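J.: please find the sequence and the predicted model below.
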Amino acid sequence: MANINNKVRTSETGELKDRLVAINRVTKVTKGGRTFSFSAIVVVGNENGVVGYGLGKAAEVTSAIAKGVEDAKKNLVKIPVINGTIPHKQEMRFGGSEVMIRPAAPGTGIIAGGAMRAVLESVGVKNVLAKSKGSSNPHNLVKATVAALCELRDAYTVAQTRGISLKQVFNG
């Protein structure tokens, strides 16, 4: 799913809140008639830099959501959030969906639609500009948004990777 470096242990998460992104009714046709089941994509996060998504499938809606939450808790990643926004602009593509997220000034709010908004709220980002292009399939949008967030690096991480001081990162 994402960088292995971003993986989070469940002991570090705190209180996780889940958000239902989309629910889909699927039909299987058998000789006895139609069998209905539900698939739900759920995003969980602690609104403090930890987020994960999961897919649950079951015969009842509530069971599908519960399975989605359990799956999401297994795929948690840590995202750098600085002063309520993201450190830099990032673009990502997953399937037919393409997302672009940019940092925004305080007071801007979350300018994003549907599936992207759920992910960004779960992470704890307060000010961000986001745009989705291409397919609006919620599954691909969630995956593209989480992948874009996983690619973000804060100045401290950049300094550590390059083996230089934090001051040198900004002064060139």
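T.: In hand now; what should we look at?

J.: who are the packing partners of the strand or helix carrying Val99?
T.: Element membership for Val99, per DSSP states H and E: strand 97-103. Packing contacts for strand 97-103, counted by 3 or more Cβ pairs under 8 Å, 6 or more residues apart in numbering; DSSP states H and E, involve strand 90-94, helix 114-123, strand 128-134, helix 138-150. Glycine gets a C-beta too; all of them are placed from N, C-alpha and C.

J.: distance to Gly107 added to the ones you listed, as a markdown table?
T.: Formatted as a markdown table, these follow (distance: least, Cβ to Cβ, whole Å):
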| stretch | distance to Gly107 |
| --- | --- |
| strand 90-94 | 22 |
| helix 114-123 | 16 |
| strand 128-134 | 12 |
| helix 138-150 | 22 |
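
J.: columns mean pLDDT and mean neighbour count on top of those, output as JSON lines?
T.: Below are the helices and strands packed on strand 97-103 laid out as JSON lines (pLDDT from 0 to 100; neighbours: other Cβ atoms under 10 Å):
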{"stretch": "strand 90-94", "mean pLDDT": "94", "mean neighbour count": "17"}
{"stretch": "helix 114-123", "mean pLDDT": "92", "mean neighbour count": "24"}
{"stretch": "strand 128-134", "mean pLDDT": "94", "mean neighbour count": "17"}
{"stretch": "helix 138-150", "mean pLDDT": "94", "mean neighbour count": "24"}
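
J.: so which of those comes closest to Arg19?
T.: Among these, the nearest to Arg19 by Cβ to Cβ is helix 114-123 (4.5 Å).
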